[in-house]
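Engineer: sequence unavailable; structure follows:
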């Protein structure tokens, strides 16, 4: 695997991506509810920590650290033994930080605290990868809709971090847009997860790379499987 | 069945969910009108009370306790003999409580009274499961549209209860979103009920688990049947 | 037929509904223009009056009593001889009442007069069934859009009448919602009438029960026929 | 043909309508551009004048009397010899009337003048049928969107005229609604004209009766043909 | 060909239109981008000038005269030798006129100048045909959205010119409406141009007459071809 | 190849376009995310510089010069040795220019600086081609939505430059419009890039020319391939 690539550790998919995601890319992981977005992102973080020693930060704005870990333990991807490599920040962490620093809990401060915590983690631990779970939950911190311009500023700030960023975005089942903010042109890559109704009752999980700057890849779909504790793709249609 | 799971008591479906819903999850039960959402939720509450002694609260904001019981008696799931285990709160109960406590009937108070009643029930009886029927009716208490942020606060409050919560959400026949509030990313799980038009005249009831954190499950649909007094799924297509 | 059911007197459909609509239910009769909503509702009122002596009120807000009777005479369902059992209130009646009582014709008063007339009819004649034709026309009395909360209040008021209520709702040909107010979760039942384009030129009338609390029924469609002076369903596809 | 019916003089269609449109009905003639709405309406007026001596008024708000007559002469349906029976009012007539009566040309006055001209025509000539061509052009007289309530008032006014009224409504090619005002529940009948794309290149004209109070009819489509100078329907699919 | 018709000079299409567009009609030429709307309109103007001596004005609001002529020369339809018959007005002409007459460049003046230039051209040269390319570009002169009423006034003004008018309207690929202003009922005719995807890769150009007052025509589609320097239609499907 | 054409250097496509894009045209390059819009535009700029000595400017408003060059080096299209011919301006360049000239960073100034930089480049280096990547990113400089009129002004300004301009526009996956601004009628040409789902899993890249003033071309789709370091089209369907 290429040294300037961050592998996804989805078996078969990295070859498809010429080794993985180019370092420093800001990538959307987009899908409707139930498409395993968090699992795909944590799987990347966990395997890169264990196998390549990369340091990761998981910003869990939808669920608590404990709920996330319960979920990931089910897939055999607990954080035990990787505490040095993997950091999880949830809303509880953020609230505690605000209490400690005696920061008033208003919308602008929330965003600043989040940025500060990410910045500190980067400085103190030398981050390689950040996952933001999710863009929708991040917006909720603001207590109002984010403007297109603020979204642009947020992406600019992420990009200047100089590290690889995965942003989880929940697609609406009524739309084909990769996120409701239509900011996909700001991202360097888009990984699209989908539930595909292959018959009246059968539904399959699919993955594809829609866009990945600096990477030659086909835009087709693959089946996404959980094979034991490993995520893998297959081109064959299952029944 | 797993001790840290709340079974749905839909025959065949629990095996599909590795034993049921993880305890402490906040789960949406979503479907268009006529998909048996209330029956699925009450069936879970009633069977867990009868067979495993779990204590449940049914917040019936659409219909009165009597109307709900008339409906459930038809399926042989009356509350007789389970009064200790099952509590039903309807709009009448809430109004009576407000009169008793001399609370002015304004929108904010309604929400506080609901929270208070649920909190009291939890404290006094040791609740294991709460059903909210429904999110749409809950919003009507406010006499105005709920903001995304208020919905977030509501889910946060439910989650800190530390008990398993089912929230019934009515989907619009014009949309594939699991509820009109687009808050599905706030839920730990989504159970989707559907009327599927299999021919020009035949319509079947379907159920699937779209999302269940910490659970391995396929995202496919099953037929949902009422077999005597038992809910059950089958993969075979009926005619 | 069950004593606690109000039969629809659509041949074949009542068996499908375990005898008919449970007494006291508030039921939507929904369909696009031309689906025989008024005929289905009057047929129920007329037959229940003639065959079971039930007393009915038809609130005709779209057309005058005379126009309605011209229409129903065509189907052999005139009100002659049933004057004791069947009351029709149209806009003319309401206007006359307002003149008599010297009530100013403003929007709130209209709604109050309607409620008053229904209340009086119930008190004086002992109503069993009320038909409101239609929800859209009722809204026009207000001279503005009705809020979701007002619709809720209206349904609550209907429910506390303690009698069976049919509400005719006109669906838009552009939507699958059972009425434009999305209040279907407030109703105890939904009977759906539809024009089904079975070929490029052939169109059939269909009926189904989408939802009926306390009733076991399949959600499938039936053909709706006018057989002489009798409404009937058939499962066979006509050509 | 029935004395209480106004025949459409579309060969085959009147039998389908039990003789035609019941007298006194307010009927929508709805279709997208190019579906021959004006021709269908004029054909009814012209034939009823010639063959049954009925008196008609054509309110031509889209085109001038001369343009309308050029168009109808093409189908052999000129007004020559029928001047006693047929009156055409176009925008020019209305403007002249306003000048004569020294009425200021503001929006409310326009509507009043239109109503006055129709009322005068009825009083002086004993009208049997009025055609309004079209609802959209009528709205333009107001120089603003008409509210649902104003549309209701307009229909009520038409209905109290006690004569048969055809209202031409232009459907949007993007919608299945019979007019953009969604007032179809206010009409006693709806005649729907349609361009049906039967193949990639072939398009056929279709007609159906969606709704006609007091009339038994099937809701299916027929081909609408111009056979010499006669409009006719056929059930056979043409190629 | 009929003397009271303006031929389109699209081979085969004029026969289909009983000789062409009736003189004095205001006709929409509607289609999505790339459907040859300008070419169809210029082809009509150019051939009528060359073959029948009719005088035409092309109001080119999207592109400059030079760009238009470059485009038309490609099809062998240059204006050389026809300067007496054909006038082109583009934005440059309009700006020059405003400078000459020392008119302030505000929105209302623009519209007045356009009307004035068309009026002058008509008076001085005796216009037979005007093309407006396009309705969308005309609206841009106003620097704001045109109201439905202003659009009506514009059509009325065009109609009182007493000459044949073609108005090019760009349809949105997301809609079937013949222009975004929904003013198609104001037009005497609609010629619809379309890109039809006949397979996954093959796309054909199509033309049809949707509506043409005073003309008997079928509403079906034809292939639109460029045969050398001649536009022509064919009913046969090409591959 | 024609001297008054700018070749696209997509093998096979130029023949289809009679040699390429007419000089001086303003052309949209439109497609959803992942359709290789930037690669197609840079490929044109790079090959015209290398093979025909044309001077190009790439306005990279989405990504930095370095990120763009990393991406293009992957396709063997680095700028090394072409520094004289190819200029890249990114947000960093613009910010530096503003700092240098002590310009306040407000929205109007940004647009002016962009125009100034393009104007300077044209004057100093004699530009032949400009690429704007992208219209959406350009709008973000304004920190608000651009009005239709401002978009018109922008296109007018581009057109008066007298050089060939490619504007990259990101289409929404929910729409068929060539850009969200609906300004396609302002462009002289539209090149449409598309991801076509040819089966449940296979997705192919497609290209077509929707519109190109002054050019005869078919409107059909071609497969777009990367053959080594060359872009090429093929009509054959791949599997």
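Structural biologist: Perfect, I can see it now. As the structure is a prediction and not an experimental result, all values here were calculated from the model.
Engineer: burial of the closest residue to residue A:9 other than its chain neighbours, as a residue count?
Structural biologist: Once flanking residues are discounted, residue A:9 sits nearest to residue A:47: 3.7 Å by Cβ to Cβ, 6 or more residues apart in numbering or on different chains. Quick note: C-beta positions are derived from backbone N, CA and C, even for glycine. Using other Cβ atoms under 10 Å in any protein chain shown, residue A:47 has 19 other residues around it.
Engineer: residue A:99 now?
Structural biologist: Quick note: residue A:99 (other Cβ under 10 Å) scores 10 neighbours.
Engineer: quick one: average pLDDT of the helix or strand harbouring it?
Structural biologist: Here residue A:99, judged by DSSP states H and E, is contained in helix A:91-100. Mean per-residue pLDDT for helix A:91-100: 85.
Engineer: cool, and stretch A:36-49?
Structural biologist: 98.
Engineer: pull the residues that contact it.
Structural biologist: Residues outside stretch A:36-49 that contact it (Cβ atoms under 8 Å, 6 or more residues apart in numbering or on different chains) are A:6-10, A:29-31, A:54-56, A:58, A:62, A:68, A:71-72, A:75, A:77, A:79, A:82, A:85-86, A:128-129, A:131, A:133-134, A:166, A:168, A:170, A:191, A:193, A:205, A:207, A:224, A:231.
Engineer: now the strands for chain A?
Structural biologist: A:5-6, A:21-22, A:26-31, A:56-60, A:86-90, A:129-133, A:164-170, A:189-197, A:203-212, A:222-227, A:230-234 (DSSP state E).
Engineer: and these: which comes nearest chain F?
Structural biologist: strand A:203-212 (3.6 Å; Cβ to the nearest Cβ).
Engineer: quick one, that closest one and strand F:189-197 angle?
Structural biologist: Angle of strand A:203-212 versus strand F:189-197, following axes from the mean of the first three to the mean of the last three Cα atoms, to 10 degrees, is 150 degrees.
Engineer: which other helices and strands does strand A:203-212 contact?
Structural biologist: On a contact count with 3 or more Cβ pairs under 8 Å, 6 or more residues apart in numbering or on different chains; DSSP states H and E, strand A:203-212 meets helix A:13-16, strand A:189-197, strand A:222-227.
Engineer: mind running it again at 6 Å?
Structural biologist: strand A:189-197, strand A:222-227 (3 or more Cβ pairs under 6 Å, 6 or more residues apart in numbering or on different chains; DSSP states H and E).
Engineer: quick one: contacts for the residue lying farthest from the centre of chain A?
Structural biologist: Distance from the C-alpha centroid of chain A, by Cα atoms, centre = their mean, peaks at residue A:200 (31.0 Å). Contacts here follow Cβ atoms under 6 Å, 6 or more residues apart in numbering or on different chains; on that basis residue A:200 touches nothing.
Engineer: ok, now how distant is it from chain D?
Structural biologist: Distance of residue A:200 to chain D, computed by Cβ to the nearest Cβ, to the nearest Å: 26 Å.
Engineer: same check, this time on residue A:24
Structural biologist: Applying Cβ to the nearest Cβ to residue A:24 and chain D gives a distance of 45 Å.
Engineer: check contacts around that residue.
Structural biologist: residue A:162.
Engineer: what of residue A:50?
Structural biologist: Counting by Cβ under 6 Å, 6+ apart, residue A:50 has no contacts.
Engineer: let's see 7 Å
Structural biologist: By Cβ atoms under 7 Å, 6 or more residues apart in numbering or on different chains, the residues touching residue A:50 are residue A:82.
Engineer: cool, and residue A:53?
Structural biologist: residue A:85.
Engineer: give me the phi and psi angles of residue A:200.
Structural biologist: Backbone torsions of residue A:200, given as degrees, to the nearest 10, read phi -60, psi -30.
Engineer: and it, what pLDDT?
Structural biologist: 86.
Engineer: got the contact list for stretch A:129-149?
Structural biologist: A:6, A:38, A:41, A:45, A:48, A:54, A:56-62, A:107, A:110-111, A:114, A:118, A:163-170, A:179, A:181, B:148-149, B:152, B:185, F:140, F:143.
Engineer: give me the distance from the longest helix anywhere in chain A to the chain's centre.
Structural biologist: In chain A, taking DSSP state H as the definition, the longest helix is helix A:107-125. Per Cα atoms, centre = their mean, to the nearest Å, the displacement of helix A:107-125 from the mean C-alpha position of its chain is 17 Å.
Engineer: which parts of that helix are buried?
Structural biologist: A:110-111, A:113-114, A:117-118, A:121-122 (16 or more other Cβ atoms under 10 Å in any protein chain shown).
Engineer: ok, now stretch A:64-78?
Structural biologist: A:64-65, A:67-72, A:74-75, A:77.
Engineer: quick check: mean pLDDT of that stretch?
Structural biologist: The average pLDDT within stretch A:64-78 is 93.
Engineer: which outside residues touch it?
Structural biologist: Counting by Cβ under 7 Å, 6+ apart, A:39, A:42-43, A:46, A:60, A:79, A:88, A:90, A:92, A:229, B:213-214, B:216 sit against stretch A:64-78.
Engineer: stretch A:225-238 too?
Structural biologist: Against stretch A:225-238 from outside (Cβ under 7 Å, 6+ apart): A:10-13, A:40, A:43, A:75-76, A:204, A:207, A:222-224, B:216, F:201.
Engineer: tell me the bridge partners for the spatially most central residue of chain A.
Structural biologist: For chain A, residue A:166 is the residue whose C-alpha lies nearest the centre (Cα atoms, centre = their mean; 3.8 Å). Per DSSP bridges, the residues bridged to residue A:166 are residue A:27, residue A:131.
Engineer: quick check: residue A:196 touching residue A:204?
Structural biologist: Yes: the criterion here is Cβ atoms under 7 Å, and residue A:196 meets it with residue A:204 at 5.1 Å.
Engineer: more neighbours: which of those two?
Structural biologist: The neighbour comparison of residue A:196 against residue A:204 (other Cβ under 10 Å) goes to residue A:204, with 22 against 15.
Engineer: pLDDT at the more buried one, what is it?
Structural biologist: At residue A:204, pLDDT is 95.
Engineer: could you measure from it over to residue A:193?
Structural biologist: Distance, residue A:204 to residue A:193, using Cβ to Cβ, to the nearest Å: 11 Å.
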